[in-house]
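Give me a model of this one.
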Amino acid sequence: MSELESVLRRAMADDTAGLAIAPDLVDRVVRRSVRRRRTRLRLLAVVAAVLVVAGAVPAYVALVPRHQVTAGETLAEIDGVEVGYLPEGFGGPPERIRVKAGPLAGEALRWKGDGGFVQVGVYRTGRSLEDALDLLALNLGPVASEPVKKTGPVVFTATDEMWVPEPGLALRVTTSASLESELGRIAEGLRVVRNRDVGGMRVTYVPSGLRSTGEAIINFGGIARSWTNGTNDTQGVTVEVVHGREALDLDSLRQVPWPTNEELFDVRRVSVGPAAALQGSVASAGRRVDRGRMLLWVVRPGVGVRIWATTPLAGELRRIAEGVEEVAADAAVSVDGIGLPASLGEPSGGDSAMGHEWSGITRFWGGRPGEGPYVAVSVYRGLEVEVDGWLRQISSATPRGASVGDVNGTLLTWKERPRDGAGPLAGRNFLWHPEVGLVLAVTVVAGPDDSARAVDDLADLVRNLRVP
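Model (predicted):
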């Protein structure tokens with residue numbers, strides 16, 4: 001194990017120490033049911049095809065509600081942070097600059113006026129920066145006032161303060177001396193927005209001056225988010241994530257279900273990081289009307305990204321694409337960006353599945369379906385998961401509405417007998433939609449003597465999983 005992995009594991013152990021889930025959950029689910037067999041089951045992954053076998057259902061997944069951002073007027077946005085207040089006379093277009101604070105690098109917006117200046121800086125740092133105590137440890141300069149809580153500000157001067165609103169993100173507000181009395185109100189007006197995630201991917205760069213049009217939506221061929229300049233939408237970007245066979249390779253991904261007979265012209269091969277990509281011009285049939293530019297690439301078979309930008313933003317396509325990354329869970333153990341309690345330990349393996357406009361990833365702890373008791377987690381994404389009847393593609397069990405771990409969703413129950421002829425097992429699988437284009441599922445399969453405890457285990461897992 002690398003030093004980095006060790007550090008991450010220790011960090012997550014500290015973060016999850018207070019979770020309600022028992023550290024021996026998997027052992028209890030497996031060992032209780034295996035006691036009569038005298039052979040500990042191996043930890044194995046499941047092939048997606050197993051899911052359609054009688055009694056086999058998808059592994060388990062869960063959701064934690066996302067942070068709710070307070071509504072209010074947005075005057076500017078920088079790297080996922082909205083500016084909600086500026087002093088009178090400072091509402092014009094800001095200057096975007098690169099900034100540093102010791103070892104931290106970030107971006108800032110700077111407004112200048114007759115009465116002085118205002119600067120708002122954003123520093124994305126990853127897990128290396130957890131709270132204000134980490135800021136103090138960086139020795140960024142003389143400190144006039146230390147924070148009284150972990151999310152409180154480190155005050156350098158009356159016109160300069162910095163704080164960590166959430167792990168991996170630091171904000172800094174600096175003003176001229178003439179605006180000292182306004183600093184607190186500017187800081188309170190900053191909002192960390194949750195409008196950068198779409199279809200399991202995160203958009204880390206959006207050109208200056210563009211604002212989110214709202215939540216992720218079902219687009220023509222995938223799950224999408226859009227940003228525009230808000231002035232007759234003359235400039236805009238849409239990032240669409242495509243799942244399933246439609247994103248198997250570049251040839252399938254370029255078959256865009258255009259809304260009004262657009263076509264992709266002048267297609268050329270480029271790259272996005274190490275991935276091969278295609279870039280071209282979008283226009284109406286016969287090239288009579290310019291519709292902008294598009295860049296597309298396959299993240300992995302079954303998951304692809306298409307970025308469609310208006311022509312004035314064509315020069316930003318590559319930078320936007322380079323800033324698109326898979327969502328990483330704030331946990332040492334995860335499934336497709338969904339954080340799991342550290343007490344589960346590492347899964348033995350897993351597999352992926354895909355169909356028409358959907359893809360899924362499953363991880364297992366315990367035996368595979370048909371071999372004995374197990375605990376499992378699955379994450380399903382794509383357009384198709386929003387369609388009535390999609391569930392029949394992954395399970396033959398009869399669904400019913402239920403609430404598990406204070407989450408409303410769908411519960412599947414079934415009986416199965418291991419192939420070795422041992423006693424029957426009872427399975428419970430809970431699924432729900434945390435957001436558009438995403439289904440999470442949690443499965444616990446145990447012997448009949450343990451069915452009551454399995455109900456509690458299922459609820460504990462649902463309650464303690466994390467969504468970034």
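
what's the distance between the residue positioned nearest the centre of the chain and residue 203?
The residue lying closest to the centre of the chain (Cα atoms, centre = their mean) is residue 327, at 4.0 Å. Separation of residue 327 from residue 203 (Cβ to Cβ, to the nearest Å): 10 Å. All C-beta atoms are positioned from the backbone trio N, CA, C, and that covers glycine.

can you check residue 228 too?
14 Å.

before we move on, the earlier item: joint contacts of residue 327 and residue 203?
Contact criterion Cβ atoms under 8 Å, 6 or more residues apart in numbering; residues shared by residue 327 and residue 203: residue 197.

What is the least confident helix or strand in the chain?
helix 3-15 (a mean of 39; mean pLDDT, DSSP states H and E).

Without its sequence neighbours, what residue ends up closest to the residue in the chain sticking out farthest from the centre?
In the chain, residue 114 marks the outermost C-alpha relative to the chain mean, sitting 42.2 Å out by Cα atoms, centre = their mean. Closest residue in space to residue 114, ignoring its immediate chain neighbours: residue 89 at 6.8 Å, by Cβ to Cβ, 6 or more residues apart in numbering.

again with residue 259
Nearest non-adjacent residue to residue 259 (Cβ to Cβ, 6+ apart): residue 220, at 5.5 Å.

Assign a three-state SS to the one you found, would you?
Using DSSP: H, G, I helix; E, B strand; the rest coil, the structure places residue 220 in coil.

so who does residue 87 touch?
With Cβ under 8 Å, 6+ apart, residue 87 has these contacts: 113, 115, 118, 179, 182, 186.

ok, now with 6 Å
For residue 87, the contact set (Cβ atoms under 6 Å, 6 or more residues apart in numbering) comprises 179, 182.

Assign residue 460 to helix, strand or coil.
helix.

Now residue 457: which helix or strand?
helix 451-464 (DSSP states H and E).

Can you give me the end-to-end span of stretch 395-404?
By Cα to Cα, to the nearest Å, the extent of stretch 395-404 from end to end equals 19 Å.

likewise stretch 97-117?
14 Å.

just stretch 230-240 next, same as before
20 Å.

before we move on, what about stretch 264-278?
10 Å.

what does it rub up against?
250, 254, 279, 280, 281, 283, 296, 297, 321.

SS state for residue 214?
coil.

Let me know how buried it is, in neighbour terms.
9 (other Cβ atoms under 10 Å).

Helices along the stretch 251-400 of the chain, start to end?
For the stretch 251-400 of the chain, applying DSSP state H, counting those that start in this stretch gives helices covering 317-322.

ok, which stretches of it are strands?
262-272, 275-284, 290-300, 303-309, 324-326, 334-335, 338-339, 349-355, 358-366, 374-381, 399-404 (DSSP state E, counting those that start in this stretch).

what's the closest non-adjacent residue to the residue nearest to the centre of the chain?
Nearest to residue 327 is residue 337, by Cβ to Cβ, 6+ apart, at 3.7 Å.

swap in residue 346?
Looking at residue 346 with Cβ to Cβ, 6+ apart, the closest residue is residue 333, at 6.3 Å.

same question, residue 133
residue 150 (6.4 Å).

ok, back up a step: confirm the residue nearest to residue 114 sits in a strand?
No - read with three-state DSSP, residue 89 is coil and lies in no strand.
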